[in-house]
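In: give me a 3D structure for the following:
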Amino acid sequence: MSDGIVVALDVGGTGMKCALVRPDGTVHHEERHPTLAERGPEAVTETILTIAGALADRARADGFTPIATGIAVPGVVDELNGVAVWSANVGFRDVPLRDLAVERLGIPAALGHDVRVGALAEARLGAGRGRRHVLFVAIGTGIAGGLVIDGRGYPGAHGAAGELGHVVVRPGGSPCGCGLRGCLEAEASAKSIGRKYAHLSGEAGATAFDVATRAAGGDELARRVWQDAVEALADGLLTAQALYDVGVVVLGGGLAEAGDDLLEPVRAAVAERVTFHRSPEIVRAELGDTAGCLGSALLALDSLRSELDSLRSEPDSLRSEPDSLKGEQ
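Out: So this is what the prediction gives:
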């Protein structure tokens with residue numbers, strides 16, 4: 001449909017990024033709202049549905065036809081059944097968000113994992129476009145990855161694929177929130193970098209940004225903490241490369257804002273470790289924090305097209321195209 005548009009939401013523990021996205025990936029309208037996760041999962045769910053409904057109304061007022069809803073959430077996500085299985089940040093446990101969105105808005109919906117849909121957007125529209133095998137690694141408060149092959153994301157058998165942050169890279173190392181020690185997330189996330197520097201320097205409240213800035217300025221303690229994180233990240237990426245053999249690794253999330261101060265030492269550290277592996281290109285993400293919204297829109301469009309293809313394959317006597325797809329040939 002020439003006037004079709006997708007309602008897209010990227011829900012985080014702190015805030016929601018929301019947009020109206022055209023099928024070609026351009027954004028017509030965007031807005032942000034607080035998640036207020038402390039209110040509990042039921043209240044957050046109602047907020048998601050209310051915002052999605054308001055966006056659909058905004059689309060109609062602007063002359064567009066909402067054709068689908070895409071929602072991205074953190075945690076473990078069953079994309080096939082549209083269920084937010086579990087999320088520590090938001091408190092979801094087996095919430096059927098996709099069906100709730102369909103019921104509220106009256107249009108098809110898709111539910112995805114925040115990092116995997118971000119990977120989808122970077123692979124198709126961002127730093128990985130034109131490449132067949134892309135691994136997107138988001139490094140922020142935590143670390144997670146998303147594998148995209150030939151433009152399609154891989155969720156895994158249980159909706160938990162891509163938990164690169166919980167690969168143990170330093171056995172017996174720093175405690176991780178998952179219960180293990182030495183996980184990549186506990187050694188190289190932005191949160192862990194700031195925490196380690198604060199502990200060693202005695203400067204409460206130090207952040208990864210502080211560490212990166214001071215390391216670049218010659219602060220020896222900051223340089224050591226930063227390099228430790230780089231080495232841990234390189235070990236994690238080498239494990240990922242051994243498993244996935246991708247052509248490009250796209251680094252995103254807050255830590256990637258350090259630019260070459262992160263990319264150059266990570267590239268060097270990975271190159272030092274490579275033996276028989278083919279070393280991937282390592283690049284910075286291009287879409288920033290808009291990747292989640294764009295990716296959730298792409299996921300919704302994929303779901304629509306899959307439904308249309310399924311209907312077209314049925315005998316004529318059983319075929320009945322959904323209204324949202326009529327005319328989209």
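
In: please state the offset of stretch 56-66 from the chain centre?
Out: How far stretch 56-66 lies from its chain's middle: 26 Å, per C-alpha atoms, centre = their mean, to the nearest Å.

In: just the strands in the protein please.
Out: 4-11, 15-21, 27-34, 65-73, 76-78, 83-86, 93-95, 109-113, 133-139, 143-149, 152-153, 248-252, 281-284 (DSSP state E).

In: the third one to strand 4-11, inter-axis angle?
Out: Strand 27-34 runs at 30 degrees relative to strand 4-11, counting by axes from the mean of the first three to the mean of the last three C-alpha atoms, to 10 degrees.

In: starting at the chain centroid, how far to strand 27-34?
Out: Worked out by C-alpha atoms, centre = their mean, strand 27-34 lies 17 Å from the chain centre.

In: show me which residues of that strand are buried.
Out: His33 (16 or more other C-beta atoms under 10 Å). Backbone N, C-alpha and C define where each C-beta goes, glycine included.

In: buried residues, the least confident helix or strand in the chain by mean pLDDT. List them.
Out: Scoring the helices and strands of the chain by mean pLDDT, DSSP states H and E places helix 291-312 at the bottom, with a mean of 89. By neighbour count on 16+ other C-beta under 10 Å, the buried set for helix 291-312 is 291-304, 307-308.

In: what's the neighbour count on the residue nearest to Gly140 when sequence neighbours are not counted?
Out: Distances taken as C-beta to C-beta, 6 or more residues apart in numbering place Gly253 nearest to Gly140, at 3.9 Å, with adjacent residues excluded. Neighbour count of Gly253, defined by other C-beta atoms under 10 Å: 23.

In: what is the burial count for Ala37?
Out: 21.

In: could you verify my assumption that it touches Val44?
Out: Yes. Applying C-beta atoms under 8 Å as the test, Ala37 and Val44 come out as touching, 5.9 Å apart.

In: which neighbours do these two share?
Out: 90-91 (C-beta atoms under 8 Å, 6 or more residues apart in numbering).

In: can you list the domains in the protein?
Out: Domain ranges of the chain: 4-114, 127-286, per automatic domain parsing.

In: circling back to that earlier point, between the least confident helix or strand of the chain and strand 4-11, how big is the angle?
Out: Using the same axes, to 10 degrees: helix 291-312 against strand 4-11 is 130 degrees.

In: and helix 291-312, what does it pack onto?
Out: strand 4-11, strand 15-21, strand 27-34, strand 65-73, strand 109-113, helix 114-125 (3 or more C-beta pairs under 8 Å, 6 or more residues apart in numbering; DSSP states H and E).

In: neighbouring contacts of the second one?
Out: Spelled out, it's strand 15-21. The contact list for strand 15-21, computed with C-beta under 8 Å, 6+ apart, reads 5-10, 27-35, 47-48, 51-52, 55, 58-59, 62, 64, 289-290, 292-294, 297.

In: any chance of the helices and strands packed on helix 291-312 in JSON lines, with distance to Gln227 and mean pLDDT too?
Out: Below are these laid out as JSON lines (distance: least, C-beta to C-beta, whole Å; pLDDT from 0 to 100):
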{"stretch": "strand 4-11", "distance to Gln227": "32", "mean pLDDT": "97"}
{"stretch": "strand 15-21", "distance to Gln227": "32", "mean pLDDT": "97"}
{"stretch": "strand 27-34", "distance to Gln227": "35", "mean pLDDT": "97"}
{"stretch": "strand 65-73", "distance to Gln227": "33", "mean pLDDT": "97"}
{"stretch": "strand 109-113", "distance to Gln227": "31", "mean pLDDT": "97"}
{"stretch": "helix 114-125", "distance to Gln227": "26", "mean pLDDT": "97"}
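
In: can you check which of the domains of the chain gets nearest to Leu120?
Out: domain 127-286 (5.0 Å; C-beta to C-beta).

In: chain center to that closest one: distance?
Out: Offset of domain 127-286 from its chain centre (C-alpha atoms, centre = their mean): 14 Å.

In: please apply the same query to stretch 107-127.
Out: For stretch 107-127, the distance to the chain centre is 7 Å (C-alpha atoms, centre = their mean).

In: could you do stretch 31-46 as well?
Out: Counting by C-alpha atoms, centre = their mean, stretch 31-46 is centred 19 Å from the centre of its parent chain.

In: start to end distance for that stretch?
Out: 17 Å (C-alpha to C-alpha, to the nearest Å).

In: other residues contacting it?
Out: Outside stretch 31-46, the residues touching it (C-beta under 8 Å, 6+ apart) are 11-19, 47, 51, 55, 89-93, 95, 97, 100.
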